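*Asks:* Based on what follows, work out the 3D shape:
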Amino acid sequence: MSGGDPEAAREQAVAWLMRFHEGPIALEEELELELWLEAHPANREALASIARAWRMAGQAAEVPELVAVRADALKALSQTGRRAPRSWRPELRHALGALAACLLLIVATFHFYPRGETYRTGIGERRVVLLDDGSRLSLDAASAVEVRYDGERRALRLLGGRARFEVAKDPRRPFMVMAGDRMVVATGTAFSVELFRAEMRVVLYQGSVSVLEDGPADQAPRHVPLQGDGRTPADRMLAPSTALIIPTGASAAARLETVDTARSSAWEQGQLVFSDEPLGVAVERVNRYSGASLAIEDPVTAALPVSGTFNAGDTEAFVDGVVTLYGLRKLRRGETLILRAPER
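*Replies:* Predicted structure coming up:
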């Protein structure tokens, strides 16, 4: 019995929920459960809390960390006779504690994000940071990532710009990157996340990730749906050398694009490579390397496709290229250079 120990109560609550999941419980187990619930108020509170997290995390249950930890917990539980034991074996305590932490963390990270250390780059600056667990963080120009590590979590937030993450394996501590109201969950993988005004992009270099989106506080985080089929989680189709593009907006469907990973990571070597990118997206990237910002005011011009390779910071060459290609007009407004469609 828990005797008021919150950690032990939480572990036992997870074990009971897993036991319920396996099928009907025997009369002896019903009596054991009732005795446990009556033993201390913390037990009843723990069962209610974990049940709520279990229900809310149901749609997120395929993230790598939950799959691995749940498998460990099921294996440990089966070794005890597939029932909640009175005495807890060390391997079961470890597995159940990790599962409880993951269930709560998936939900809590959306609604509570403690402040941590922030890494930033200025205009035209790039930076590589080796994190405490051995993961590698690469920041594009004019970008910022907030990092919060503790004993149970590796929680990061992309505040703006673009960052690449090469994740050190640690199945017991989820690696979660928040960007706006979306979350990317990974384990032992490499990917980048980029924020624009109108969309978010996730490029997968190796491994796999889950991409979840927030919703009301009393509902589960859910997989971002795939464009054209709102029932298919987009991340199920996200393979290495593929980008997931998610428009800004609640419950917006995502689309997939094949990418050349060498070209898509050229920014780490100081080059901007565009392959049929919308001009609006290209301009946002160019602005990270230039003190004189570019702007586009109409959506038709912003949608024009751009291809080519440019040295990061060489804004003049980029402007000359797109102006020549499309006959765009240039209008100076203070420090901003506005690109407009040609007059008809």
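*Asks:* Need the residues that contact stretch 229-240.
*Replies:* Residues outside stretch 229-240 that contact it (CB atoms under 8 Å, 6 or more residues apart in numbering): 62, 202, 204-211, 223-227, 244, 246, 253-254, 256, 261. The way it works is simple: take the backbone N, C-alpha and C, and place the C-beta from them, glycine included.
*Asks:* change it to 6 Å
*Replies:* 204, 206, 210-211, 223-224, 226, 244, 254, 256 (CB atoms under 6 Å, 6 or more residues apart in numbering).
*Asks:* any idea of the mean pLDDT for that stretch?
*Replies:* What stretch 229-240 shows for mean pLDDT is 83.
*Asks:* Give the buried residues for that stretch.
*Replies:* Of all the residues in stretch 229-240, those buried under the rule 16 or more other CB atoms under 10 Å are 233-235, 238.
*Asks:* Could you work out the most separated pair of these?
*Replies:* Taking CB to CB, the two most distant members of the buried residues of stretch 229-240 are Pro233 and Leu238; they sit 9.2 Å apart.
*Asks:* Okay, now the unreliable bits of the stretch 151-300 of the chain?
*Replies:* 215-220, 230, 250-252 (pLDDT under 70).
*Asks:* residue ranges for the strands of it, please.
*Replies:* 154-160, 162-166, 175-179, 182-186, 190-195, 199-206, 209-213, 222-223, 225-226, 229-233, 242-247, 255-258, 271-278, 294-296 (DSSP state E, counting those that start in this stretch).
*Asks:* for the stretch 201-344 of the chain, what spans make up the helices?
*Replies:* Ranges of helices in the stretch 201-344 of the chain, per DSSP state H, counting those that start in this stretch, are 261-264, 279-287, 299-302, 315-326.
*Asks:* Which stretch among these is buried most, on average?
*Replies:* Ranked by mean neighbour count under mean count of other CB atoms under 10 Å, the helices of the stretch 201-344 of the chain are led by helix 279-287, which reaches a mean of 22.
*Asks:* on contacts alone, who are the packing partners of that one?
*Replies:* strand 294-296 (3 or more CB pairs under 6 Å, 6 or more residues apart in numbering; DSSP states H and E).
*Asks:* run the last query once more with 8 Å
*Replies:* Helix 279-287 sits against strand 271-278, strand 294-296, helix 299-302, strand 305-311, helix 315-326, with contacts defined as 3 or more CB pairs under 8 Å, 6 or more residues apart in numbering; DSSP states H and E.
*Asks:* can you put these in TSV and add distance to Arg288?
*Replies:* Output for the helices and strands packed on helix 279-287, formatted as TSV (distance: least, CB to CB, whole Å):
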stretch	distance to Arg288
strand 271-278	9
strand 294-296	11
helix 299-302	17
strand 305-311	12
helix 315-326	11
